[in-house]
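Trainee: Sequence plus the predicted model coming up.
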Amino acid sequence: MNKSLIVFLDMPLYLRVFRIFLRIIKQNLKIEKCHYKPNFQMLKWMIKWTKDFEKDRAEYNLFLNNYLEKLVIINNKRELNKYLKEQKNRKVGKLIEKNSSNN
């Protein structure tokens with residue numbers, strides 16, 4: 001059995017762009033670490049990657065359509081928190097089940 005899972009974080013464009021700017025600011029203020037130089041050129045690349053993704057979104061969606069049985073799409077923070085809580089509860093449930101079968 002293949003247990004692969006694809007979790008696609010499809011946050012709104014405005015939120016992704018806002019977070020890019022926020023990340024660059026935090027990195028320049030040394031509040032957040034990074035493994036690259038947080039300069040204007042990096043900001044331009046991040047914005048370009050985001051625009052390129054939006055331009056090619058249909059292509060990505062076609063690709064993801066091949067894996068619908070393995071795909072989880074999360075569109076906002078509320079959905080992400082719900083998904084993470086469900087996964088945590090599922091894991092705890094399996095541990096309880098495993099421990100009760102061992103007794």
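Mentor: Yes, it's here. Nothing here was measured: the structure is a model prediction, and the numbers come from that model.
Trainee: burial of Lys51, as a residue count?
Mentor: For Lys51, the count of nearby residues is 12 (other C-beta atoms under 10 Å). To be clear about C-beta, it is placed using only N, CA and C from the backbone, and glycine gets the same treatment.
Trainee: Where does it sit, in terms of helix or strand?
Mentor: Assigned by DSSP states H and E, Lys51 belongs to helix 40-55.
Trainee: Surely Phe8 is in a strand?
Mentor: Yes: counting by DSSP: H, G, I helix; E, B strand; the rest coil, Phe8 is found in a strand.
Trainee: can you pull the contacts of the residue nearest the centre of the chain?
Mentor: Central residue of the chain (C-alpha atoms, centre = their mean): Leu9, 3.9 Å from the mean position. Applying C-beta atoms under 8 Å, 6 or more residues apart in numbering, we find Leu9 in contact with 74, 80.
Trainee: So what touches the helix holding Lys51?
Mentor: 13, 16-17, 20-21, 24, 36, 60.
Trainee: what about 7 Å?
Mentor: Identification of contacts with helix 40-55 by C-beta atoms under 7 Å, 6 or more residues apart in numbering yields 13, 16-17, 20, 24, 36.
Trainee: need the helix or strand of the protein with the lowest average pLDDT.
Mentor: For the chain, using mean pLDDT, DSSP states H and E, the weakest element among its helices and strands is helix 77-102, scoring a mean of 84.
Trainee: out of the contacts of helix 40-55, which one sits closest to Tyr67?
Mentor: Using C-beta to C-beta, Arg16 is the member of the contacts of helix 40-55 that lies nearest Tyr67, at 22.3 Å.
Trainee: Could you name the helices and strands sitting against the host helix or strand of that closest one?
Mentor: Taking DSSP H and E as the criterion, Arg16 maps to helix 13-28. With contacts defined as 3 or more C-beta pairs under 7 Å, 6 or more residues apart in numbering; DSSP states H and E, helix 13-28 has these neighbours: helix 40-55.
Trainee: Just the C-alpha atoms of the helix it packs on, please, in CSV.
Mentor: Output in CSV follows, covering the C-alpha atoms of helix 40-55 (Å, rounded to 0.1, in the frame of the first residue of the first chain):
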residue,chain,number,x,y,z
PHE,A,40,15.9,43.5,-3.0
GLN,A,41,17.0,40.9,-5.7
MET,A,42,15.7,38.0,-3.5
LEU,A,43,12.4,39.9,-3.0
LYS,A,44,12.1,40.3,-6.8
TRP,A,45,12.7,36.6,-7.3
MET,A,46,10.1,35.6,-4.7
ILE,A,47,7.5,37.8,-6.3
LYS,A,48,8.4,36.5,-9.8
TRP,A,49,8.1,32.8,-8.6
THR,A,50,4.7,33.7,-7.2
LYS,A,51,3.6,35.4,-10.4
ASP,A,52,4.9,32.4,-12.5
PHE,A,53,3.0,30.0,-10.3
GLU,A,54,-0.2,32.0,-10.8
LYS,A,55,0.4,32.2,-14.6
